[in-house]
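Q: next one to model:
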Amino acid sequence: MTAQAIALNEIEWRSDAVAASAGRAISNVATHTLAGIKHLRILNAMSVIRDALTELLRHLHTEDSITALENATPEQRIKIATKFCEINDKVRLMFAASENVHLGYWKPWYTPKLNAIKLLNSELVGHSEALKDTDAALIILSKKDQEFLLEAILNPKEPSEDLYRVFARK
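A: Numbers count the residues shown, from 1 in each chain. Purely as a prediction, here's the structure:
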């Protein structure tokens, strides 16, 4: 098995772990009464989702995953994008189920977890959309490269004399 195949399999495995965690949370929200112990189970399931999403996204930004995704066939990219879409669907179901429950006193415990999951899920959706686009070349930046690029855009360096001369000619 090649390094690329191993990296793609690990991405799929981590995606399945997130989907399973989201399914467990949906089940807890939908089937349990709202006693304190039930809230703790639901909150624990949400923590598992948050942690699994964090790990999936962290793994997605490793060198091995970046290389594997850049070299993946369109079919492989679509397969992974589909898994990410399935995760998004389950997470959205979890949010819908949570909104139907009166949280009362427990709301301050839920809000940070739900907000973190929402943020991580939106990042995963962005990756899914990029992977679905099979007509474009895929260039994935590591977290460090993303931060470097963002810093360069937000705080550009002063142009050099050579750059001034080039633009003066045009």
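
Q: so for the top helix by length along the chain, mean pLDDT?
A: For the chain, the helix with the greatest residue count under DSSP state H is helix 3-31. For helix 3-31, mean pLDDT rounds to 80.

Q: do the same with stretch 100-113
A: What stretch 100-113 shows for mean pLDDT is 76.

Q: what stretches of this structure score poorly on pLDDT?
A: 28-37, 101-103, 134-142, 169-170 (pLDDT under 70).

Q: find the residue at the geometric middle of this structure.
A: The residue lying closest to the centre of the chain (CA atoms, centre = their mean) is Leu124, at 2.8 Å.

Q: which one is that one nearest to, not counting chain neighbours?
A: Nearest non-adjacent residue to Leu124, counting by CB to CB, 6 or more residues apart in numbering: Phe84, 5.3 Å away. In short, each C-beta sits where N, CA and C put it, glycine included.

Q: torsion angles phi and psi at the one you found?
A: phi -60, psi -40 (degrees, to the nearest 10).

Q: residue contacts, it?
A: Phe84 is in contact with Ser15, Leu124, Val125, His127, Ser128, Leu131, counting by CB atoms under 8 Å, 6 or more residues apart in numbering.

Q: between those, which sits nearest Thr62?
A: Nearest to Thr62, judged by CB to CB, of the contacts of Phe84 is His127 at 13.5 Å.

Q: these two touch, right, that closest one and His61?
A: No - using CB atoms under 8 Å as the test, His127 is too far from His61 to be in contact (9.7 Å).

Q: comparing these two, which residue is more hemmed in?
A: Using other CB atoms under 10 Å, the more surrounded residue of His127 and His61 is His127, with 19 against 16.

Q: ok, residues contacting stretch 7-25?
A: With CB under 8 Å, 6+ apart as the contact definition, stretch 7-25 has outside contacts at 1, 42, 45-46, 48-49, 52-53, 55-56, 59-60, 64-65, 67-69, 72, 76, 79-80, 83-84, 86-87, 90-91, 93-94.
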